[in-house]
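Participant: sequence and predicted structure below; questions after.
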Amino acid sequence: MSFAELGLTPELLRAVAEQGYTTPTPIQRQAIPAVLADRDVLAGAQTGTGKTAAFILPILQKLGAPPARAPRALVLTPTRELAAQIAESARCYGKYLDFRTLVVFGGVNIKQQILNLRGGCDLLIATPGRLLDLADQGVADLRAVRCLVLDEADRMLDMGFIPAIKRVLKLLPRERQNLMFSATYTAEVRELASRILRNPASIEVAAPNATAERVDHQVYRVAKDHKRHLLAHLIDAGNWHQVLVFTRTKHGANRLTKQLQSTGILATAIHGNKSQAARTKALHDFKTNKVTALVATEVAARGLDIKELPHVVNYDLPNVPENYIHRIGRTARAGGSGQAVSLVSPDEAPLLKDIEALLRRKLPVTALPVFKC
Ligand code: AMP
């Protein structure tokens, strides 16, 4: 998936390319089309996921014809650092468009900000308190705002900005688009969301989190038909005692289990077609080291209480990159590090690219060992 496929204009694509971004991050893939389609959005995403571009790019696209005296999009943020950073991103992504971005925050002299606002702007980025000061002085006219972004909503709530946000809301037109970003979903965040958002598109992405950092990632590029032989070799040669293997389908899990068994590896499958009793037994056998390999589908593995495994194998890569993080989370042990091995066939190369975009790094490719086919 490219930025062009998200429907962005050439001016924005050019600016994005100059930033060196090649692939949209998961939050960008989901949020950009939703914002362009005028939807309200509730997104669970932290800093580091690419969330700023996820809202700034479509907002710039939707601003319409410049120039304007009063801001048509307003971004509220908890801190001045974040406000400044968003403004910098907006100027950078909008460098081939004729829009004016202004940023206002507290803790600095208000006079210059008043002068700037009098000059007019299209996009205004602000901390709530200073924005209200400026509105009270009659220099921040918010009546033309068509899109409101609440960034880091949870932090704004923690910092006691709710009364200020409520006052800002009263200064905005009722008819507008609302986007809310929050790293966590506390009851307060949900309450605020239900008050502000109308039928929002709900977007949830995993953070490129600490778990992924601690894991030893290994990628083997291997033909599809050779995967089972390579896996058997890795288990045998590495003397692995406990390995969770992910396959895409139930059928695939059954087939691989039989194939591993035929090479003498103790393996069992766990997936949705198995009875609860069979699943419980499989898990028990795995945990008590009666079987070496537990072959699971994504969904079946989700509810399993198994963590701290030495090895997780992506026999098939997940279709959704976030699931890579969920899968390998099983192998992140406190202190020590686990190993996440991915067997990537040529047709899975785009999936690997998506995972690398999410993790923001290339995963090291390990040379294929010699193994029997
Ligand atoms: P954010 O989560 O918005 O704070 O963004 C985190 C960092 O990711 C920023 O330094 C961005 O420049 C960078 N970034 C945003 N989108 C992409 C992308 N599609 N590819 C690579 N880097 C990106």
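Facilitator: Noted; the coordinates are in hand.

Participant: thought residue 101 was touching residue 121?
Facilitator: Yes. Assessed by Cβ atoms under 8 Å, residue 101 is found in contact with residue 121 at 6.5 Å. All C-beta atoms are positioned from the backbone trio N, CA, C, and that covers glycine.

Participant: can you list the weak-confidence ranges in the stretch 151-300 of the chain?
Facilitator: 206-212 (pLDDT under 70).

Participant: what ranges does it have for its helices?
Facilitator: All helices of the stretch 151-300 of the chain, identified by DSSP state H, counting those that start in this stretch, fall at 153-158, 162-170, 187-196, 210-214, 227-237, 250-262, 276-287, 298-302.

Participant: now mean neighbour count too, for those, in TSV please.
Facilitator: Formatted as TSV, the helices of the stretch 151-300 of the chain follow (neighbours: other Cβ atoms under 10 Å):
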stretch	mean neighbour count
helix 153-158	20
helix 162-170	15
helix 187-196	15
helix 210-214	15
helix 227-237	19
helix 250-262	18
helix 276-287	15
helix 298-302	17
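
Participant: residues of the stretch 1-150 of the chain that sit close to the ligand?
Facilitator: Counting by Cβ under 6 Å from any ligand atom, the residues of the stretch 1-150 of the chain close to the ligand are 21, 23-25, 28, 47-53.

Participant: returning to that earlier point: and the ligand, which of the helices of the stretch 151-300 of the chain is closest to it?
Facilitator: Closest approach to the ligand among those (Cβ to the nearest ligand atom): helix 153-158, 13.4 Å.

Participant: and the ligand, is the closest one touching that?
Facilitator: No. Helix 153-158 lies apart from the ligand when judged by Cβ under 6 Å from any ligand atom; the minimum separation is 13.4 Å.

Participant: residues in contact with that helix: which ones?
Facilitator: If you take Cβ atoms under 8 Å, 6 or more residues apart in numbering as the criterion, helix 153-158 is touched by 76-79, 128, 150, 162, 165, 180-186, 188-189, 192-193.

Participant: got the CA coordinates for it in CSV?
Facilitator: Only the C-alpha atoms of helix 153-158 are listed here, as CSV (Å, rounded to 0.1, in the frame of the first residue of the first chain):
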residue,chain,number,x,y,z
ALA,A,153,-6.8,13.2,24.7
ASP,A,154,-5.9,11.1,27.7
ARG,A,155,-3.0,13.4,28.6
MET,A,156,-5.3,16.5,28.3
LEU,A,157,-7.7,14.9,30.7
ASP,A,158,-4.9,14.0,33.1
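
Participant: number the residues from 13 up from this point.
Facilitator: Happy to do that; since the first residue is 13 now, the last one works out to helix 165-170.

Participant: so how far is it off the chain centroid?
Facilitator: Counting by Cα atoms, centre = their mean, to the nearest Å, helix 165-170 is centred 19 Å from the centre of its parent chain.

Participant: before we move on, what about stretch 243-253?
Facilitator: Put simply, stretch 243-253 sits 33 Å off its chain's centre (Cα atoms, centre = their mean).

Participant: now stretch 241-252
Facilitator: On Cα atoms, centre = their mean, the centre of stretch 241-252 falls 33 Å from the chain's centre.

Participant: thanks a lot, see you next time.
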